[in-house]
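A.B. asks: Generate a structure from the sequence data that follows.
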Amino acid sequence: MEFDSLLLQEIRALNDSELTFDVTEEIKKRIYDTIINSWTNEKNIRSIAGGLYPSYGKQNSTIFFKKERAITEYVSMINTMMLEQSNCRDFYPSRMENHPSDAIPSIIAHAENEASKGYDLIKAVYGSYQISSTFSEFIEKTGNYKSGIPQSIGIATGICLIHDVKAEFFRKMLNYSINIGDEERKFYYFNKYRSSYYARELSFLYRLNDALPDVNLDPNIFKNMEGEHFLDFKKDRVSKNVMKYYEVDDLLLSAVEIANEMRENVKGNILNIGIVIPEIIEMRNIRNGEINDNTDIKSMIRSLKFVVAYTYFYGLPRSESYNESFLNDINIRNLMDKMKIRTSDDYDKLFPEFLPTKLTFQTDQGIYEKEIDVPYGYFRNPMTWNDLKNKGFRLIRNEDFVNSLMDFIKNIDDKSIEELVEVLGNAPIKEQQESGSGSS
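C.D. replies: Numbers count the residues shown, from 1 in each chain. Purely as a prediction, here's the structure:
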């Protein structure tokens, strides 16, 4: 059986399945989490969103946190861009980076376009997460790493479940999804769809004069779907996706938690710090503290040494933690120089069921050691609704909005997506908060 037929058969089966209360609650949590994570970048995106609006087309979907509408394709991309810039979005623990929540902004935009109800959104997000996370496991088992494939298939799945689960439409949505998920393809896609002023400027800047060819998945990537590496799409993978409480790279959660605890426990002058990690962290992150004047924000986020040093001095990381002032902070730089990192085969064998990390602080007053293998937020130690509410307060700092958003999501089943975007339109404006005029 061909790959498309196999996959569409599984997508239809997921759509026909009845969701348990627990699974439904987990999906609702991830819709809420996606929205509050997106808000942290609302200001950055608002500055370009207007320039991306097409001059024509049905304006059927709404920009997050704005009461402005545009065609669904543009809203999908703009809202996805807000989320992608967050260091707090959820992830599926595997050797290949995968953020299944990247599908949610597109699914919401298409659900609004189709006048869908909340339960339709829940089912589409469920199918998207199941497909995306299953392929993460499959690709890890086969070692056939293809960046972006699980997320793109997840986005295409979610949109198909809102519209139509047919082969031709799925292939179209898969190309659309890959365009959304890749930075350079976004700009091609802006240029391809409508000739707004901003799209033309991007096209000139990136020399995007020709449309990219459609993306066709190589069926051989999934040739073992029915064989040795049979894919069980019905196994619950939604709850295995990890929601993060603070802004840090996916695999550094344990290190940050230990460093934050050591702030209170370590006495004396630090002589050196030993760090033991799984090999996967070494593969996925900047290991030896190569932080210099040319280091960008993404490198700071992925630097184990920087994140540990920052947390030790200043507490849990926020989006504002990754900037030039902390990059040049003398305390952070000096502490990074005292760190030695090694990998452990035993730790590596525990991943992804566990995320083990050990920090050993040696000072002139003694040795302080801590090991964590299930950090806060990991799927074996998941966040509750109350945890997510506190995260919302921490990120948005407006209790009225956070409470109204959470109450709505908890009861979204019979509500319309139009009502959801109306709630989002009441979000505080980020720069007003930064200037001190927002609600606390």
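
A.B. asks: Count the neighbours of Asn328 for me.
C.D. replies: Neighbour count of Asn328, defined by other Cβ atoms under 10 Å: 12. In short, each C-beta sits where N, CA and C put it, glycine included.

A.B. asks: what does Lys166 give?
C.D. replies: For Lys166, the neighbour count with other Cβ under 10 Å is 12.

A.B. asks: That one and Leu8: what is the separation?
C.D. replies: 8 Å (Cβ to Cβ, to the nearest Å).

A.B. asks: element containing the spatially closest residue to Gly392 that is not a sequence neighbour?
C.D. replies: Of all residues not flanking Gly392 in the chain, Val402 sits nearest, at 3.8 Å (Cβ to Cβ, 6 or more residues apart in numbering). Element membership of Val402, judged by DSSP states H and E, is helix 399-410.

A.B. asks: Show me the helices in the stretch 151-300 of the chain, by range?
C.D. replies: Shown for the stretch 151-300 of the chain, the helices assigned by DSSP state H, counting those that start in this stretch span residues 167-181, 183-193, 197-205, 253-265, 279-284, 297-302.

A.B. asks: circling back to that earlier point, show the average pLDDT along the helix holding Val402.
C.D. replies: Helix 399-410 shows a mean pLDDT of 97.

A.B. asks: count of residues packed around Ser239?
C.D. replies: Using other Cβ under 10 Å, Ser239 has 16 neighbouring residues.

A.B. asks: picking that back up, residues in contact with the residue nearest to Gly392?
C.D. replies: Counting by Cβ atoms under 8 Å, 6 or more residues apart in numbering, Val402 touches Ile36, Lys389, Gly392, Phe393, Ile396.

A.B. asks: Any chance of these in CSV with pLDDT as columns?
C.D. replies: Shown next, in CSV, are these (pLDDT from 0 to 100):
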residue, pLDDT
Ile36, 96
Lys389, 97
Gly392, 95
Phe393, 94
Ile396, 91
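
A.B. asks: per the record, what domains does the protein have?
C.D. replies: Domain ranges of the chain: 3-240, 250-372, per automatic domain parsing.

A.B. asks: Need the residue closest to the centroid of this structure.
C.D. replies: For the chain, the residue nearest the mean C-alpha position is Arg89 (3.2 Å; Cα atoms, centre = their mean).

A.B. asks: picking that back up, give me the subset of the contacts of Val402 lying in helices.
C.D. replies: If you go by DSSP state H, the contacts of Val402 have Ile36, Lys389, Gly392, Phe393, Ile396 in helices.

A.B. asks: any chance of those residues in a markdown table, with neighbour count too?
C.D. replies: Output for the ones in helices among the contacts of Val402, formatted as a markdown table (neighbours: other Cβ atoms under 10 Å):
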| residue | neighbour count |
| --- | --- |
| Ile36 | 23 |
| Lys389 | 18 |
| Gly392 | 23 |
| Phe393 | 16 |
| Ile396 | 22 |
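
A.B. asks: Tell me which two of those sit farthest apart.
C.D. replies: Lys389 and Ile396 (10.7 Å; Cβ to Cβ).

A.B. asks: For stretch 262-270, which outside residues touch it?
C.D. replies: Contacts for stretch 262-270 (Cβ under 8 Å, 6+ apart): 311-313, 315, 335, 338, 359, 361-366, 368, 370.

A.B. asks: Among those, name the buried ones.
C.D. replies: Thr311, Tyr312, Leu335, Leu359, Phe361, Gln362, Tyr368, Lys370 (16 or more other Cβ atoms under 10 Å).

A.B. asks: Cross those against strands and list the overlap.
C.D. replies: Under the assignment DSSP state E, those contribute Leu359, Phe361, Gln362, Tyr368, Lys370 to strands.

A.B. asks: Which member of these is positioned nearest Leu271?
C.D. replies: Gln362 (4.9 Å).

A.B. asks: which intervals of the stretch 1-150 of the chain have sub-threshold pLDDT?
C.D. replies: Residues of the stretch 1-150 of the chain that meet the criterion pLDDT under 70 lie in 1-5, 43-57, 142-148.

A.B. asks: go again using 90 as the cut-off
C.D. replies: By pLDDT under 90, the low-scoring segments of the stretch 1-150 of the chain are 1-15, 17, 40-60, 66-87, 94-98, 134-150.

A.B. asks: Burial check on Cys160, number of neighbours?
C.D. replies: Cys160 - counted by other Cβ under 10 Å - has 26 other residues nearby.

A.B. asks: okay, it: pLDDT?
C.D. replies: Cys160 carries a pLDDT value of 89.

A.B. asks: does it really touch Arg12, like I thought?
C.D. replies: No: the criterion here is Cβ atoms under 8 Å, and Cys160 misses it with Arg12 at 9.6 Å.

A.B. asks: What segments of the stretch 301-440 of the chain are helices?
C.D. replies: For the stretch 301-440 of the chain, the helices defined by DSSP H, counting those that start in this stretch occupy 304-314, 324-327, 330-337, 345-350, 385-396, 399-410, 417-424, 430-434.

A.B. asks: and those helices as TSV, adding distance to Ser152?
C.D. replies: Converted to TSV, those look like this (distance: least, Cβ to Cβ, whole Å):
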stretch	distance to Ser152
helix 304-314	29
helix 324-327	33
helix 330-337	36
helix 345-350	28
helix 385-396	27
helix 399-410	26
helix 417-424	23
helix 430-434	29
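
A.B. asks: wait, which of the ones you listed is closest to Ala124?
C.D. replies: Across those, Ala124 has its closest neighbour in helix 417-424 (10.7 Å, Cβ to Cβ).

A.B. asks: Buried ones in the closest one, by neighbour count?
C.D. replies: Counting neighbours by 16+ other Cβ under 10 Å, one finds that the buried residues in helix 417-424 are Ile417, Leu420, Val421, Val423, Leu424.

A.B. asks: Please name every helix or strand in contact with it.
C.D. replies: With contacts defined as 3 or more Cβ pairs under 8 Å, 6 or more residues apart in numbering; DSSP states H and E, helix 417-424 has these neighbours: helix 104-113, helix 118-142, helix 399-410.

A.B. asks: now stretch 277-286, how far from the chain's geometric center?
C.D. replies: Put simply, stretch 277-286 sits 19 Å off its chain's centre (Cα atoms, centre = their mean, to the nearest Å).
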